[in-house]
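Student: Pasting the sequence and the predicted model now:
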Amino acid sequence: RLSCHPINLPPLRKRLDDLPLLLQYFVDEAAGSMNKAAPAIPDELLTLLSVYDFPGNIRELRSLVYNAVAQHRSGAVLSMQSFRDVVSKGQGGSVFEHERTDVQTGSSLTISGRFPTLREANRFLVDEAMRRATNNQGVAATLLGITRQSLNRRLKTMDEP
């Protein structure tokens, strides 16, 4: 009987330490099922996926990996494009879910008193994206929905007085 031994397993978004192991397992499983050599996982992919909410939980991760391995044609390293597409579109999660998560971590933008200028809001968004991406500009740009070059220009202009 299952009710005799209840198991509490938090959602994937709350156990990001499991992400590297699960990612490697699914890459190996997908490659094996497609009779392909398992491609290497780029380090940047873990950073990118660590900022995603995984509303579909582990099944969504498995699906993302299978899709990426199926599209993988050549090279030793797995392409990140399909992962970037999903994270940048924010598929699965709604704005409200992201706001709730942000409030729990204390990193939400609250507007009280004076309304922020566009420059201040821009700085907040760029700083928050860089924080979530652990200063990886490629991942931060994906979160913001802009190119890495655009983010780089914004960072340079933000540093100017």
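Tutor: That came through, no problem.

Student: Can you tell me the closest non-neighbouring residue to residue 144?
Tutor: The spatial neighbour of residue 144 that comes closest, neighbours along the chain excluded (Cβ to Cβ, 6 or more residues apart in numbering), is residue 129 at 5.0 Å. C-beta coordinates here come from the backbone N, C-alpha and C atoms, glycine included.

Student: Quick check: phi and psi at that neighbour.
Tutor: Backbone geometry at residue 129, expressed as degrees, to the nearest 10, gives phi -60, psi -40.

Student: Mind picking out the helix or strand in this structure with the poorest mean pLDDT?
Tutor: Of all regular secondary-structure elements in the chain, judged by mean pLDDT, DSSP states H and E, the least confident is helix 95-105 with a mean of 41.

Student: Phi and psi next, for residue 77.
Tutor: Per degrees, to the nearest 10, the residue geometry at residue 77, taken as phi and psi, is phi -110, psi 140.

Student: Specify the beta-bridge partners of it.
Tutor: Here residue 77 sits in beta bridges with residue 40, as judged by DSSP bridges.

Student: For it, give me its contacts.
Tutor: Taking Cβ atoms under 8 Å, 6 or more residues apart in numbering, we find residue 77 in contact with 39, 40, 41, 42.

Student: burial measure for the last one, as a count.
Tutor: For residue 42, the number of neighbouring residues by other Cβ atoms under 10 Å comes to 14.

Student: Alright, that wraps it up for me.
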